[in-house]
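[1] Pasting the sequence and the predicted coordinates here, then a few questions.
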Amino acid sequence: MTKAIPPEERLILALDVPTAGEAKAIVTGLGETVCFYKIGLELMMGGDYFALLDWLTARDRKVFVDLKFFDIPATVGAAVRNLSGRGATFCTVHGNDAMMEAAVEAAEADDGLGILAVTVLTSLDRGDMDDLGFEADIGRVVLSRAKRALALGCAGVVSSGLEVKALRESVGDELIAVCPGIRPGLNRPSDDQKRAVDIEQAFDLGADYLVIGRPIRTAPDPAAAAAAIQERIAANFA
């Protein structure tokens, strides 16, 4: 079952840049080609994070707050409560059941804010999981976290597109699947994404949203690159 998400909202542009000023310049340059943006840790540390969030929502842009909250449950809950009412659509938690539960409970004060559980970062592969002491393979870890996220009331998960098919087969279509590490055509540059898929593959596997950053931001004409990606996304839902 396909969720009733407007095709143009399925692209989330990652504003992974150092300053709010640079982020605003990107958004302005992209114009109407992108309506959904991810703002993460780099921007938080650059200052003016919440001013940027307010600037985006004032321009009717949707915002994904990707700060991967990981702390004692009381602190995670307090962080989500402080975010409540700012107009964000999603925020991420990268922790255990108690952290996710605290985040979900805190988000109840904001009907528009959905909690996304981070499963396994797309920059990690099997070797990295071994280094971290995980004996289970990546797919099993993603599936375990997805099942727990659903049971705890999370809106969805952040996962590589490579694991979404198994996720759908196990937990169905109820969870939202947000997939970073998207590389159009898989002709990706040398970067830190190890479990990447392309646009059509991600949607074929069951993705709901795609997070794309560098392939648009570093393109010679970012607006044209975004428009081309939007056309490819729309073709999947025609």
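    Sure, I can see it. Residues are numbered from 1 along each chain as shown.

[2] From here on, just use CA atoms for contacts and neighbour counts.
    OK.

[3] Could you give the average pLDDT over the one helix or strand residue 223 maps to?
    Using DSSP states H and E, residue 223 maps to helix 222-235. On average, the pLDDT along helix 222-235 is 96.

[4] Show me the contact partners of stretch 197-204.
    160-162, 179, 181-186, 210, 232-233, 236 (CA atoms under 8 Å, 6 or more residues apart in numbering).

[5] my read: residue 64 touches residue 87, true?
    No - with contact defined as CA atoms under 8 Å, residue 64 does not count as touching residue 87 (9.7 Å).

[6] the more surrounded of these two?
    residue 64 (24 against 20; other CA atoms under 10 Å).

[7] State the pLDDT value of the more buried one.
    pLDDT, read off for residue 64, is 98.

[8] How about the secondary structure of it?
    For residue 64, the secondary-structure state derived from DSSP: H, G, I helix; E, B strand; the rest coil is strand.

[9] again, but for residue 13
    strand.

[10] give me every residue that touches the residue nearest to it when sequence neighbours are not counted.
    In space, and not counting its chain neighbours, residue 13 is closest to residue 37: 4.7 Å by CA to CA, 6 or more residues apart in numbering. Neighbour list for residue 37: 12-15, 61-64 [criterion: CA under 8 Å, 6+ apart].

[11] Neighbour-wise, give me the winner out of those.
    residue 13 (26 neighbours).

[12] so that residue makes contact with residue 212?
    Yes - assessed by CA under 8 Å, residue 13 is found in contact with residue 212 at 5.2 Å.

[13] in the helix holding residue 223, what's buried?
    The neighbour-count check on helix 222-235 (16 or more other CA atoms under 10 Å) flags 222-223, 225-227, 229-230, 233 as buried.

[14] cool, stretch 31-39 as well?
    Result for stretch 31-39 [16+ other CA under 10 Å]: buried residues 33-39.

[15] Return the member of those residues nearest to residue 154.
    residue 38 (18.3 Å; CA to CA).

[16] tell me the average confidence for whichever strand or helix holds residue 103?
    Secondary structure from DSSP H and E places residue 103 in helix 97-107. Averaged across helix 97-107, pLDDT comes to 95.

[17] Alpha carbons only: can I get it in CSV?
    Taking Å, rounded to 0.1, in the frame of the first residue of the first chain, the C-alpha atoms of helix 97-107 are listed here in CSV:
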residue,chain,number,x,y,z
ASP,A,97,13.6,1.3,24.1
ALA,A,98,13.4,3.7,27.1
MET,A,99,14.8,6.6,25.0
MET,A,100,12.3,5.9,22.2
GLU,A,101,9.5,5.6,24.6
ALA,A,102,10.4,8.9,26.3
ALA,A,103,10.6,10.7,22.9
VAL,A,104,7.2,9.3,21.8
GLU,A,105,5.6,10.4,25.0
ALA,A,106,7.0,13.9,24.8
ALA,A,107,6.0,14.2,21.1
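
[18] can you list the residues that contact that helix?
    In contact with helix 97-107 (CA under 8 Å, 6+ apart) are residues 70-74, 76-78, 80-81, 84, 93-94, 113-115, 117, 148-149, 152-154.

[19] hmm, 7 Å instead?
    Applying CA atoms under 7 Å, 6 or more residues apart in numbering, the contact partners of helix 97-107 are 72-74, 76-77, 80-81, 84, 93, 113, 115, 152-154.

[20] re earlier: turn the contacts of stretch 197-204 into TSV, including distance to residue 6 and secondary structure.
    Shown next, in TSV, are the contacts of stretch 197-204 (distance: CA to CA, whole Å; DSSP: H, G, I helix; E, B strand; the rest coil):
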residue	distance to residue 6	secondary structure
160	21	coil
161	20	helix
162	23	helix
179	17	strand
181	21	coil
182	19	strand
183	21	coil
184	20	helix
185	23	helix
186	25	helix
210	13	strand
232	14	helix
233	10	helix
236	12	coil
